[in-house]
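[1] Give me the fold of what follows.
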Amino acid sequence: MKTVYRMRNKHPVFYMAFCPAVIKWKYSSGWSVSLNLMLKRVSKMKVHQKDFSEALLTSIIETETAMKRLIERLLVKNKSAFAEKKLDIHGEFSIEGNDPFTPEYSSSVWIGVSEENGELIDLQTIKIWECHRAFLGLTTSKKIPGSTISGEYIDESVEDVEGELVEYLSDFLEEYPPSL
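    Okay, the predicted model is just below:
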């Protein structure tokens, strides 16, 4: 669900769109700024454009592939346990963009739990790699003179993430009231 507010002050009119995880400002001049509010326990490593390399690209692709397989394994392993409690477990690997070293590229995995009627109960999202352009510390979608490109790369091994997700799923199953 997205709520859009229009605000006017001395500066150009801008729009604020509120989502559960992101606040995005869209200025009348055409450029936008967004702020991600979803904080995770997974630590990130900031990588500047001058450090973009073939080795980093290979590492990103390998991590994305390993995370995709991890989510598939967790879904298969836990589907029956969640079905006993009349819950559905869903997960997916998602990519936005084509080239990992261009702004607006983002890769992540998510795993969610919903009731049989489809109502979402809980959702965990883990960003693997996100590349963005920033100007004066704020993320922007337009190329502004003086803006910089950087990325945030997951700073934990796939095994550490797997441990956290397994713990999350087992805790969720223990805490969720048993079905009648």
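
[2] from the chain's centre, how far out does stretch 106-123 sit?
    When C-alpha coordinates are averaged (CA atoms, centre = their mean, to the nearest Å), stretch 106-123 and its chain have centres 13 Å apart.

[3] pull the CA atoms of that stretch into CSV?
    Backbone C-alpha positions of stretch 106-123 (Å, rounded to 0.1, in the frame of the first residue of the first chain) are rendered in CSV as follows:
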residue,chain,number,x,y,z
SER,A,106,19.5,-4.2,-6.6
SER,A,107,19.5,-7.9,-5.8
SER,A,108,17.9,-9.5,-2.8
VAL,A,109,16.2,-12.6,-1.4
TRP,A,110,13.1,-12.6,0.7
ILE,A,111,11.2,-15.2,2.6
GLY,A,112,7.7,-14.6,3.9
VAL,A,113,5.0,-16.4,5.9
SER,A,114,1.3,-16.0,5.1
GLU,A,115,-1.9,-17.6,6.3
GLU,A,116,-3.7,-20.0,3.9
ASN,A,117,-6.0,-17.2,2.9
GLY,A,118,-3.0,-15.3,1.6
GLU,A,119,-2.7,-12.7,4.3
LEU,A,120,1.0,-11.9,4.9
ILE,A,121,2.1,-12.4,8.5
ASP,A,122,5.8,-11.8,8.3
LEU,A,123,8.5,-11.0,5.7
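
[4] buried residues in it?
    106-109, 111, 113-114 (16 or more other CB atoms under 10 Å). C-beta coordinates here come from the backbone N, C-alpha and C atoms, glycine included.

[5] Show residues contacting it.
    Stretch 106-123 is touched from outside by 60, 64, 67-68, 70-71, 74-75, 82, 86-97, 100, 124-131, 165, 168-169, 172, 176, with contacts defined as CB atoms under 8 Å, 6 or more residues apart in numbering.
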